[in-house]
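Participant: Turn this into a model:
(one chain, ligands or ions: 1)
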Amino acid sequence: MPSPSKPSLLSLSLLFFLPSTILASSSSNLGAVNPDDLIDPSTGYLNPQAYLSTHPKPPSTSSHAPWTTPPLCHTSASNSSLKFCTYTSAPSFLNGLSLITTPALAGLAIPHLDEHPVLQFFPSDAEAEDFLGTSRPYAVEDIPGKGKGVVATRRIAQYETFMVDQANVVMDNRIEKALTASQSLELLRRGVDGLRDPGRVRGLSGEHAGSKQSKSKMEGEKGEETVDDKDEHVMLTNSFGTEFEGENFRAVFPLVSRVNHACDPNSFVMFSATSLSIALKSYRPILPGEEITISYVYLGTPTPHRASQLKKWGFECDCSLCSRPKKEIEESDERRRRIQEGEMEFQRLWEQERYQAAIAKGKELVKLIGEEGLTPM
Ligand SMILES: *[C@@H]1O[C@H](CO)[C@@H](O)[C@H](O)[C@H]1NC(C)=O
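Facilitator: Just a heads-up that it's a prediction; the model follows:
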């Protein structure tokens, strides 16, 4: 589990453990895609039709292959066998991917660099192609009082997978302790600079809903240091916690980052750890003009903890759940605590292959989640 301040997308998707596991195992391959065809020049977002025009990637002549820039490394002053480097694979899908981690973990990611993010989330190629052939059902707009947000441009059906995004920068959390603040910033800058369009990541700085701070604090070895670096600000306020090979990471998903938080969201996130991609799915039908929302904190999180987690993203909790009467909040917190415990139990049973017991637990959870006013899948 990531540290408490960095909620894990993995836990966000626990409820959907079963479907996402099945979907993630779909292992077809549309072939490599020219990234220039994938980005809609007007918005910088995924251009779905372009995914269909696939052709092989030219063989890399770089001596750092599969990376497109020479890795930049720093070794920990307190442990000479602990080294972190920035590895960038810019001709991969969309905007490219910079992994800031140890050489060993970067090596484990190599086989997945060319995985097609869209295919991770659809059971068959035909369904993936349907998705790619459909125009985007959302647009980034100004939301009164919230900065930017994402709004539905047509009706989105219940449980429709309507958005796919891939991480642009993925940073190992161990760096915070192992390297100095300036070394860590240097690795991060290199990672953002290596992307096809660094502005897609830097542009997130300060554009987030409720993001009032122009400066943020990053805890370095020398205690707290005030920074106004854009890359660092994005990493702190627009990243999602996730896990890869048992280590915790912060990942920046430029498109999903535009989606605002709600404690009763209309959409949820599915995560594919291998392709470092995310899909958004709707809990219920979403009408044209309606804002698309997800929960940035694990849905089982009780109120005080939720508020402190949201603050990390520059949000004040102003949703109905946080302004309900104290007694209702306590009841809600108790239900969310039980949901959280139940999900852990569900996963344990599933991993022990005790499927009947897991299914019974799942049914109990669906009931609790319904009582809490969240929509179970
Ligand atoms: C130093 O780093 C290596 C590699 O991660 C690790 O195996 C080892 O336990 C670390 N040593 C200390 C003293 O922390």
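Participant: how far does stretch 253-272 stretch from start to finish?
Facilitator: End-to-end span of stretch 253-272 (CA to CA, to the nearest Å): 13 Å.
Participant: next one: stretch 111-123
Facilitator: This stretch, stretch 111-123, spans 21 Å end to end (CA to CA).
Participant: Burial check on residue 334, number of neighbours?
Facilitator: Residue 334 is surrounded by 12 other residues when neighbours are defined as other CB atoms under 10 Å. Every residue, glycine included, has its C-beta placed from N, CA and C.
Participant: Look up which helix or strand the residue lying closest to residue 342 once chain neighbours are set aside falls in, please.
Facilitator: Leaving aside its chain neighbours, residue 342 sits nearest to residue 365 (4.7 Å; criterion: CB to CB, 6 or more residues apart in numbering). When secondary structure is defined using DSSP states H and E, the element that contains residue 365 is helix 355-371.
Participant: who in the stretch 101-250 of the chain is up against the ligand?
Facilitator: If contact is defined as CB under 6 Å from any ligand atom, none of the residues of the stretch 101-250 of the chain are in contact with the ligand.
Participant: how about the strands in the stretch 101-250 of the chain?
Facilitator: Chain-ordered strands for the stretch 101-250 of the chain, with DSSP state E, counting those that start in this stretch as the definition, fall at 138-143, 147-152, 161-166, 169-172, 216-220, 223-227, 239-244, 247-252.
Participant: got JSON lines for the ones you listed, with mean pLDDT and mean neighbour count too?
Facilitator: As requested, the strands of the stretch 101-250 of the chain are exported to JSON lines (pLDDT from 0 to 100; neighbours: other CB atoms under 10 Å):
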{"stretch": "strand 138-143", "mean pLDDT": "91", "mean neighbour count": "15"}
{"stretch": "strand 147-152", "mean pLDDT": "91", "mean neighbour count": "19"}
{"stretch": "strand 161-166", "mean pLDDT": "90", "mean neighbour count": "25"}
{"stretch": "strand 169-172", "mean pLDDT": "94", "mean neighbour count": "26"}
{"stretch": "strand 216-220", "mean pLDDT": "35", "mean neighbour count": "16"}
{"stretch": "strand 223-227", "mean pLDDT": "41", "mean neighbour count": "12"}
{"stretch": "strand 239-244", "mean pLDDT": "80", "mean neighbour count": "22"}
{"stretch": "strand 247-252", "mean pLDDT": "89", "mean neighbour count": "22"}
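Participant: which one is residue 364 nearest to, not counting chain neighbours?
Facilitator: Excluding its sequence neighbours, the residue lying closest to residue 364 (CB to CB, 6+ apart) is residue 342, at 6.3 Å.
Participant: Roughly how far does that neighbour sit from residue 124?
Facilitator: To residue 124, residue 342 is 32 Å away according to CB to CB, to the nearest Å.
Participant: low pLDDT regions in the stretch 51-200 of the chain?
Facilitator: 51-62, 91-94 (pLDDT under 70).
Participant: Kindly report the domain assignment for the protein.
Facilitator: Segmentation of the chain into domains, based on automatic domain parsing, reads 9-299, 324-371.
Participant: how about the helices in the stretch 251-377 of the chain?
Facilitator: Under the criterion DSSP state H, counting those that start in this stretch, the stretch 251-377 of the chain contains helices at 303-311, 326-351, 355-371.
Participant: Can you get me a residue count around the residue lying closest to residue 372 once chain neighbours are set aside?
Facilitator: Among residues not flanking residue 372 along the chain, residue 335 sits closest, at 4.7 Å (CB to CB, 6+ apart). Using other CB under 10 Å, the number of residues around residue 335 comes to 18.
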